[in-house]
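Engineer: Structural data only, the sequence is not supplied:
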């Protein structure tokens, strides 16, 4: 014999068997069974038990709901996903059991909490669809609304993964590529069909053709992009609206640097122990905003080789270099600016 609350929990847990289920009960998120043992160990909190029916004591561990952000990061960093199950009906008006539903699944690539994000780096979620000779690569940072995709040769994929340094990668076959330290998740089923993938993108962007996104003749890129949208719809629905455009990128506009080259040039880490303080990025980084820091990191990771764009950038930098008064005015203004990119997406 068990209680209605236990039956409700088991029904929801069956749908999220691979995630740790945070089950809202009053002012606490409770976890049960194996989830409770994992949570208690990693978060270093007390493992207790609770009786659900006669002679049916269940392992339990919980945290206050207002302290959620203080604990989530520890679980995500250990490679776990957390499904947040909230009370979705008014407790005061509910007769009997309160309604509950999972409103969000927190993963490494779908984090939006400020205390879990590094303001100086992008938090990329990437998707990869492999073909015989090419691969579709799409990536997004849902905190800034960036969404890019391309279809590239397979022998260039490893370098692109290294450049992106994604927190989470969606892929079918994990045995053929070096994914570094990224968390790996399964691609949604929509990616298996170019027809369904195309329909998904057309519907999301409310367009009749994907040609304007530079995706003509790039079925793998379309499938990878659709995979990201589907993954977000399943796990972080509120983030989907922030992705209001999709940009294709080309390897012909910048130099592709593989992992070894990035390491040897000490772009972001230097020395045997990976010291960041003496890396090229740290030496060059004189930015005043988080947005500027992220942009500089992107520029160093992807050095331009297109002469026209290079000249335009050089001309802009040269103007600030030779005009000290306007430069100082801009510097003072930049010091007062918050992270507009991420703030805008919170408003959306």
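Structural biologist: All right, it came through fine. Predicted, not measured: the structure shown is a model, and the values here were computed from it.
Engineer: in the stretch 101-250 of the chain, which spans are strands?
Structural biologist: Along the stretch 101-250 of the chain, the segments classed as strands by DSSP state E, counting those that start in this stretch run 125-130, 134-141, 146-153, 168-170, 183-185, 247-248.
Engineer: out of those strands, nearest to residue 95?
Structural biologist: Closest of the strands of the stretch 101-250 of the chain to residue 95 is strand 183-185, at 39.2 Å (criterion: CB to CB). Just so you know, the C-beta spots here come from the backbone N, C-alpha and C atoms, and that holds for glycine as well.
Engineer: and the most centrally placed residue in the chain, what is it in contact with?
Structural biologist: Centroid-nearest residue in the chain, with CA atoms, centre = their mean: residue 109, separated by 2.2 Å. Going by CB atoms under 8 Å, 6 or more residues apart in numbering, residue 109 touches 123-126, 166-169, 183, 185.
Engineer: Ramachandran angles for residue 288?
Structural biologist: phi -110, psi -10 (degrees, to the nearest 10).
Engineer: quick revisit: where does the residue nearest to the centre of the chain fall, phi/psi-wise?
Structural biologist: Per-residue torsions, residue 109: phi -90, psi 0 (degrees, to the nearest 10).
Engineer: how near is it to residue 71?
Structural biologist: 19 Å (CB to CB, to the nearest Å).
Engineer: Kindly report the same for residue 97.
Structural biologist: Counting by CB to CB, the separation of residue 97 from residue 71 is 26 Å.
Engineer: Am I right that residue 331 is in contact with residue 288?
Structural biologist: Yes: assessed by CB atoms under 8 Å, residue 331 is found in contact with residue 288 at 6.6 Å.
Engineer: More neighbours: these two, which one.
Structural biologist: A count of neighbours by other CB atoms under 10 Å puts residue 288 above the other of residue 331 and residue 288, at 15 against 12.
Engineer: Mind pulling up the pLDDT for the more buried one?
Structural biologist: pLDDT for residue 288: 94.
Engineer: wouldn't it be in contact with residue 333 here?
Structural biologist: No: between residue 288 and residue 333 there is no contact under CB under 8 Å: 9.0 Å.
Engineer: For residue 97 and residue 71, work out which one has more neighbours and name it.
Structural biologist: Remark: of residue 97 and residue 71, residue 71 carries more neighbours, 19 against 12, as counted by other CB under 10 Å.
Engineer: Against which helices or strands is the helix or strand containing that one packed?
Structural biologist: Element membership of residue 71 [criterion: DSSP states H and E] is helix 68-77. If contacts are counted by 3 or more CB pairs under 8 Å, 6 or more residues apart in numbering; DSSP states H and E, helix 68-77 sits against helix 33-43, strand 82-87.
Engineer: Show me the contact partners of the longest one.
Structural biologist: The contact list for helix 33-43, computed with CB under 8 Å, 6+ apart, reads 13, 20-21, 30-31, 45-47, 58-61, 63, 71, 74-75, 78, 80.
Engineer: quick one: buried residues of that helix?
Structural biologist: For helix 33-43, the neighbour count (16 or more other CB atoms under 10 Å) marks 35-36, 38-40, 42-43 as buried.
Engineer: just curious, which of those is nearest to residue 309?
Structural biologist: residue 42 (46.1 Å).
Engineer: Distance of that closest one relative to residue 204?
Structural biologist: Counting by CB to CB - residue 42 and residue 204 are separated by 36 Å.
Engineer: What of residue 111?
Structural biologist: Distance of residue 111 to residue 204, given as CB to CB: 22 Å.
Engineer: These two - which one has more neighbours?
Structural biologist: The neighbour count for residue 111 versus residue 204, taken as other CB under 10 Å, is higher for residue 111 (22 against 18).
Engineer: Look up how far residue 276 lies from that one.
Structural biologist: 21 Å.
Engineer: in this structure, which spans are helices?
Structural biologist: Ranges of helices in the chain, per DSSP state H, are 4-15, 33-43, 68-77, 157-164, 194-205, 219-235, 237-240, 259-264, 280-284, 290-301, 307-322, 324-334, 340-347.
Engineer: Okay, angle between the third one and helix 33-43 too, please.
Structural biologist: So that's helix 68-77. Using axes from the mean of the first three to the mean of the last three CA atoms, to 10 degrees, the direction of helix 68-77 lies 100 degrees away from that of helix 33-43.
Engineer: between helix 68-77 and strand 82-87, how many degrees?
Structural biologist: Calculated by the same axes, to 10 degrees, helix 68-77 forms an angle of 150 degrees with strand 82-87.
Engineer: now helix 68-77: mean pLDDT?
Structural biologist: Averaged across helix 68-77, pLDDT comes to 93.
Engineer: how about that helix: buried residues?
Structural biologist: Buried positions in helix 68-77, judged by neighbour count with 16+ other CB under 10 Å: 68, 71-72, 75-76.
Engineer: ok, now stretch 238-251?
Structural biologist: For stretch 238-251, by 16+ other CB under 10 Å, it's 239-240, 242-243, 246, 248-249.
Engineer: Columns pLDDT on top of the buried residues of helix 33-43, output as CSV?
Structural biologist: Below are the buried residues of helix 33-43 laid out as CSV (pLDDT from 0 to 100):
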residue, pLDDT
35, 96
36, 96
38, 97
39, 96
40, 96
42, 96
43, 95
